[in-house]
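> turn this into a structure:
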Amino acid sequence: MKLLNTTTEKILENLGFKDLNEMQKSTLDVSKKHSNILLLAPTGSGKTVAFILSMLPKITNKKGIQVLIIAPTRELVLQIESVLKKMKLSIKINTCYGGHSFQQEKKNFSTLPTILIGTPGRIQDHLERKTFDSTTIEHLIFDEFDKTLEFGFSNQIETIMKYLPNANSKILASATKSIEIPEYIHFNDFKTVNSEFKPEGNLALKQIFVEKEEKLDGLLSVLNQLNKNQNAIVFVNHREACDRISEHLEAHKIVFATFHGGLEQEKREASLTKFRNGSAQILIATDIAARGIDIPELDYVIHYQLALQESTFTHRNGRTARMKASGTSVLIRTFGDYLPPYLNEEPETFEINPSKTIEKPEWITFYIGKGKKNKISKFDLVGFFLQFDFMEKLDLGLIEVKDFNAFVAIKRAKSKQLFQAVQKKKIKSKTVKIQFSK
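I've put the predicted structure just below:
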């Protein structure tokens, strides 16, 4: 397929793929014959790549926005954007989401993108303010459509549909099969791609039992089993549990990050960045982290509170043992907890070595107070930090540059010396705030 000055083979190479999986191939085949597709595929199956590749051949040389992708969370919006960027397509892509500057987004529409990705509320806001012409949009994709409805965005979606008279090609991606499609979607004569895709990895399901009042200490014992370069997400059902765990881990000087809907956007982004770059091996999270966020392959998924539904349990575990990797899922149960009905048999016991303790991460994150919109690039930051004779390339880790800030992973052993050295130094003649990321 020749498209947008590239080929499918080149796109796969840019993504680091050797080939597509069966679900992705099926979606592409169906998209050649059907305008409307219901894509049922679980977390970790690669459905983002499936719906993007199915949509790309439909893009033409016409001006204006042709494709609108709607996702329920800002993290998922950014994840979809990152996949598109890795593909290295010769088209403009815009994102719109809450917590992002509306005026900056409006300014970004001065040159219209070909693909627009956004959350329901922010897309509705732009449409009602007539920020861009929506009549050029012919292709509509809902990622995590089941979550979009579950999060209560039905009214926003119904409003958005009224602004899309020419969106006659639609893909609804969902990880849940029991999904009711509202009439206002106008989703007629659709074809279902029902993927029973199972990750090829080896997921070990284990558990420990603790007294109710010792549950926090039980979690600490599990976390102490992590080796130097291993990581874990600790899932809870409510953000209050995040707070309790955070206080306990802080008291024991454990490095971690938190992620839940009550955090401000910048804090959520910083938490995910630190987890991705290895500055925090542990992420304490509610179930908004179970799907649609860009995080590395996991070694452990820890269920501090048991998922109430099987689908939630599945999505949590889908963060680890993806593709050909292996991982461990650990249930922390009190002696009064019954085995959830979605588990047929008791998991094996997770072995605890009481003398083992988790070490501090090898990396620590610097916050840089300027980003892309200030003409700061990754290349600029690499040059800035390597100007000091005590710094080597291996002392720099993952660098993420956002619109108005950036995050840089630095080897912990060099961090204090580097922090002192960068004070009052300018980046590209600009005075920049540099501090340890909170």
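> just the helices in the chain please.
8-15, 22-31, 47-55, 74-87, 102-108, 120-128, 145-150, 154-162, 215-223, 239-251, 265-277, 310-317, 378-385, 412-422 (DSSP state H).
> can I get the third one as PDB, trimmed to CA atoms?
Provided in PDB are the C-alpha atoms of helix 47-55 (Å, rounded to 0.1, in the frame of the first residue of the first chain):
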ATOM      1  CA  LYS A  47      -6.100  -2.200  18.400                       C
ATOM      2  CA  THR A  48      -4.800   1.400  18.200                       C
ATOM      3  CA  VAL A  49      -2.500   0.300  15.300                       C
ATOM      4  CA  ALA A  50      -5.400  -1.700  13.800                       C
ATOM      5  CA  PHE A  51      -7.800   1.300  13.500                       C
ATOM      6  CA  ILE A  52      -5.200   3.700  12.500                       C
ATOM      7  CA  LEU A  53      -3.900   1.500   9.600                       C
ATOM      8  CA  SER A  54      -7.500   0.900   8.600                       C
ATOM      9  CA  MET A  55      -8.300   4.600   8.400                       C
END
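> any weak-confidence spans in the stretch 101-250 of the chain?
For the stretch 101-250 of the chain, the stretches flagged by pLDDT under 70 are 196-201.
> same question but for the stretch 251-400 of the chain, I mixed them up
Within the stretch 251-400 of the chain, the segments meeting pLDDT under 70 span 289-294, 296, 320-325.
> got the helices of the chain as JSON lines, with mean neighbour count and distance to N344 columns?
For the C-beta atoms, the positions are set from N, CA and C on the backbone; glycine is no exception. Output for the helices of the chain, formatted as JSON lines (neighbours: other CB atoms under 10 Å; distance: least, CB to CB, whole Å):
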{"stretch": "helix 8-15", "mean neighbour count": "15", "distance to N344": "36"}
{"stretch": "helix 22-31", "mean neighbour count": "19", "distance to N344": "26"}
{"stretch": "helix 47-55", "mean neighbour count": "24", "distance to N344": "27"}
{"stretch": "helix 74-87", "mean neighbour count": "19", "distance to N344": "32"}
{"stretch": "helix 102-108", "mean neighbour count": "14", "distance to N344": "48"}
{"stretch": "helix 120-128", "mean neighbour count": "19", "distance to N344": "38"}
{"stretch": "helix 145-150", "mean neighbour count": "21", "distance to N344": "25"}
{"stretch": "helix 154-162", "mean neighbour count": "16", "distance to N344": "35"}
{"stretch": "helix 215-223", "mean neighbour count": "19", "distance to N344": "23"}
{"stretch": "helix 239-251", "mean neighbour count": "16", "distance to N344": "27"}
{"stretch": "helix 265-277", "mean neighbour count": "21", "distance to N344": "32"}
{"stretch": "helix 310-317", "mean neighbour count": "20", "distance to N344": "11"}
{"stretch": "helix 378-385", "mean neighbour count": "17", "distance to N344": "48"}
{"stretch": "helix 412-422", "mean neighbour count": "15", "distance to N344": "44"}
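> minimum distance to K356: which of these has it?
Closest of the helices of the chain to K356 is helix 215-223, at 9.0 Å (criterion: CB to CB).
> what's the closest one in contact with?
Counting by CB atoms under 8 Å, 6 or more residues apart in numbering, the neighbours of helix 215-223 from elsewhere in the structure are 208, 210, 232, 234, 244-245, 248-249, 252, 254, 282, 300, 302, 304, 330, 332, 334, 350, 352, 354, 358.
> buried subset of those residues?
A residue is treated as buried here by neighbour count (16 or more other CB atoms under 10 Å); on that basis the buried members of the contacts of helix 215-223 are 208, 210, 232, 234, 244-245, 249, 254, 282, 300, 302, 304, 330, 332, 350, 358.
> need the max-distance pair from these.
Pairwise distances across these (CB to CB) peak at 21.2 Å, for the pair R244 and F350.
> from Q66, how far off is Q24?
Look at Q24 and Q66: by CB to CB, to the nearest Å, they are 22 Å apart.
> beta partners for V193?
On the basis of DSSP bridges, V193 takes part in beta bridges with L39.
> what's around it, how many residues?
When counting by other CB atoms under 10 Å, one arrives at 24 neighbours for V193.
> likewise N227?
As a burial measure, the neighbour count of N227 was computed by other CB under 10 Å and equals 11.
> ok, T349 next?
Applying other CB under 10 Å, I find that T349 has 10 neighbouring residues.
> distance check, D389 against D395.
As judged by CB to CB, D389 and D395 stand 12 Å apart.
> again, but for P347
Computed as CB to CB, the P347 to D395 distance reads 41 Å.
> and the two? which has more neighbours close in?
Under the criterion of other CB under 10 Å, the comparison of P347 against D395 puts D395 first, with 19 against 16.
> find the nearest non-adjacent residue to that one, please.
Taking CB to CB, 6 or more residues apart in numbering, and ignoring the residues beside it in sequence, D395 has K411 as its nearest neighbour in space, at 4.5 Å.
> mind giving me the domain split of this structure?
The record, using automatic domain parsing to delimit domains, assigns the chain the ranges 2-194, 202-349, 363-436.
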